[in-house]
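Asks: coords please:
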Amino acid sequence: MSEKPTIEKYKQNIADGDFKAFKCIECGAVIAPPSGSCYSCGSSSMEWTDVSGKGKLISFTVIHIASEEFQEEAPYYLGIVELEEGTSVTTRLGGYDPEHPEQVVLGTDMKLGYEKGKSGNTYLCFSPI
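Replies: Numbers count the residues shown, from 1 in each chain. Next up is the predicted model:
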């Protein structure tokens, strides 16, 4: 294993604008956020891998009432994007007006970007291609 997977390192990569996933050395499955073992074969032989940053929107919701940390950012979208590499990530969605969710279409091709929230945190933020 190239290094022990941690959520802290995963979040730091995002904050640095360098989103990465974990890849199983045994079966090639790509996992994000990283885990200590492969979801597909159970192996613990993992390494960081780059991802294409492209995927399809498979689910979304609009957050109108957020926890205290994120109240100033509401309303905002959270979505699930299935990456070309086969794993799915929870992400902010950009390029849409949260007051018009009827304009969001499942299956839309998406590309990776980043968003700095009012909380000071940097988030994955996928937008339509």
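
Asks: Going by neighbour count, list what's buried in the top strand by length along the chain.
Replies: Of all the elements of type strand in the chain, the one with the most residues (DSSP state E) is strand 54-63. Across strand 54-63, burial judged by 16 or more other C-beta atoms under 10 Å covers Gly55, Lys56, Leu57, Phe60, Val62, Ile63. C-beta: built from backbone N, CA, C; applies to glycine.

Asks: ok, Lys11 - how many residues close by?
Replies: Look at Lys11: counted by other C-beta atoms under 10 Å, it has 14 neighbours.

Asks: three-state assignment of it?
Replies: Secondary structure, DSSP: H, G, I helix; E, B strand; the rest coil: Lys11 is helix.

Asks: what's the spacing between it and Thr122?
Replies: Distance of Lys11 to Thr122, given as C-beta to C-beta, to the nearest Å: 9 Å.

Asks: got it, and Ile129?
Replies: 21 Å.

Asks: of these two, who's got more company?
Replies: Ranked by neighbour count (other C-beta under 10 Å), Ile129 and Thr122 place Thr122 first, with 16 against 10.

Asks: How about the more buried one, nearest residue that isn't a chain neighbour?
Replies: Nearest residue to Thr122, sequence neighbours excluded (C-beta to C-beta, 6 or more residues apart in numbering): Ala15, at 4.6 Å.

Asks: quick check: domain ranges of this protein?
Replies: Domains of the chain are assigned by automatic domain parsing as 7-50, 54-128.

Asks: ok, now which ones touch the spatially most distant residue from the centre of the chain?
Replies: Each residue of the chain has a distance to the centre, and by C-alpha atoms, centre = their mean the biggest one is for Glu26: 23.6 Å. Glu26 makes contact with Cys38, Cys41, Ser43, Ser45 under the criterion C-beta atoms under 8 Å, 6 or more residues apart in numbering.
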